[in-house]
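> quick one: sequence and predicted model below, then my questions.
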Amino acid sequence: MAYAFPGEAPVDYAPCRYGDSRLLFRGPFRAPARDYCVALGGTETFGRDVAEPWPTLLEHSLGRMVINLGLPNAGADVYLRDPSAACIAANATTAFLQLPGAINLSNRFYSVHPRRNDRVLRIMPELRTLYPGLDFIEFNFTNHLVLRLREVDPQRFATLREELRRCWIARMGELLARLPARTMLVWLAETPVPDQGILGGALTPALVDQAMISAISGDRPLVEIIVGPTDPRRPGQADGQERLHRRIAHALAPHAAQIAEKQTGARRRP
């Protein structure tokens, strides 16, 4: 798998599989060794269009293996349905989880593709009842569907929003229960964690708010990384993408080092 823009060298993602997984992760393949870390998340964790995504840069900084289990547009469902990925994540000493949005989850109103969570697989009868007369044939992606439902009827959308909120808390709680106790939550967004979830932001996890994160975080650290206009993410802006990934790795490294010290009892030299 490679992708390039005119005048640029292609990015070789060296796609690989772990165990019996049907998922293609970014390579090169890493044989899990003692005391390894994992990174889970969406497009930014996978590292689309960058030669060295933040999990690779973090590995360089920590001197410990960081297996990249990021997948484009991944929600919690993709990890919950994949035993091989779940096993690798569970056996890691530390996990870094880029928080996903709430719309790429199967729920009682629509289901998503088991591997490509941004794809609408089926519109449920409950959603047709909630929005009578709406033609759903044009909706192939969750973002398009949810934005349109909010536009058509904000009051009816509140019912869907509450369902997505409930599903996100339940599914994220289930995912975190399968991850190591030392799991770091990563909020990567255009804004700090809002009091009310945002829909339509290019990067901000859709519809996720402070109360939802508080419901699942427990004593796990949350690292907020705010992406501003000086951190371009548009395709073709390789320099901006590389700066963004360096920022992410730089923000996570001190917290990861503190976790490692608590684990080993080691102390930094003065």
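The structure has been received and is ready for your questions. Because the structure is a prediction, the values reported are computed rather than measured.
> use CA for all of it now, contacts and neighbours both
Will do.
> can you map out the helices along this structure?
Secondary structure of the chain (DSSP state H): helices located at 43-46, 54-62, 76-80, 83-90, 125-130, 142-152, 154-178, 210-217, 238-264.
> make CSV from these and add distance to G201 and mean neighbour count to it.
Shown next, in CSV, are the helices of the chain (distance: least, CA to CA, whole Å; neighbours: other CA atoms under 10 Å):
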stretch, distance to G201, mean neighbour count
helix 43-46, 14, 23
helix 54-62, 21, 20
helix 76-80, 19, 22
helix 83-90, 28, 19
helix 125-130, 24, 14
helix 142-152, 10, 16
helix 154-178, 16, 17
helix 210-217, 16, 16
helix 238-264, 17, 17
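> reformat these as TSV; add distance to L199.
Shown next, in TSV, are the helices of the chain (distance: least, CA to CA, whole Å):
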stretch	distance to L199
helix 43-46	17
helix 54-62	25
helix 76-80	18
helix 83-90	29
helix 125-130	19
helix 142-152	7
helix 154-178	10
helix 210-217	15
helix 238-264	22
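> M184 is nearest to which of those helices?
Closest to M184 of the helices of the chain is helix 238-264 (CA to CA; 8.1 Å).
> can I get the helices of the chain in CSV including mean pLDDT?
Formatted as CSV, the helices of the chain follow (pLDDT from 0 to 100):
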stretch, mean pLDDT
helix 43-46, 96
helix 54-62, 95
helix 76-80, 96
helix 83-90, 95
helix 125-130, 98
helix 142-152, 97
helix 154-178, 98
helix 210-217, 98
helix 238-264, 80
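> out of the ones you listed, flag the one nearest A31.
Between those, helix 83-90 lies closest to A31; by CA to CA that is 9.9 Å.
> what is the closest one packed up against?
helix 76-80, helix 154-178 (3 or more CA pairs under 8 Å, 6 or more residues apart in numbering; DSSP states H and E).
> would a markdown table of those helices with distance to G240 be doable?
Shown next, in a markdown table, are the helices and strands packed on helix 83-90 (distance: least, CA to CA, whole Å):
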| stretch | distance to G240 |
| --- | --- |
| helix 76-80 | 28 |
| helix 154-178 | 30 |
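> so which of those helices gets nearest L145?
helix 154-178 (11.2 Å).
> which residues does the closest one contact?
With CA atoms under 8 Å, 6 or more residues apart in numbering as the test, helix 154-178 has contacts from 76-77, 79-80, 86, 89-90, 102-103, 105, 107-109, 130-131, 149-150, 183, 207-208, 212-213, 215-216.
> stretch 53-69 too?
25-27, 30, 32-33, 35-41, 44-47, 85, 242, 245-246, 248-250, 252-253, 256-257.
> could you redo the last one with a cut-off of 7 Å?
Here stretch 53-69 makes contact (CA atoms under 7 Å, 6 or more residues apart in numbering) with 25-26, 30, 36-40, 45-47, 245-246, 248-249, 253.
> report the contact partners of the most centrally placed residue in the chain.
In the chain, the centroid-proximal residue (CA atoms, centre = their mean) is G41; its distance is 2.7 Å. Remark: with contacts taken as CA under 7 Å, 6+ apart, G41 is in contact with 70-71, 74, 97-100.
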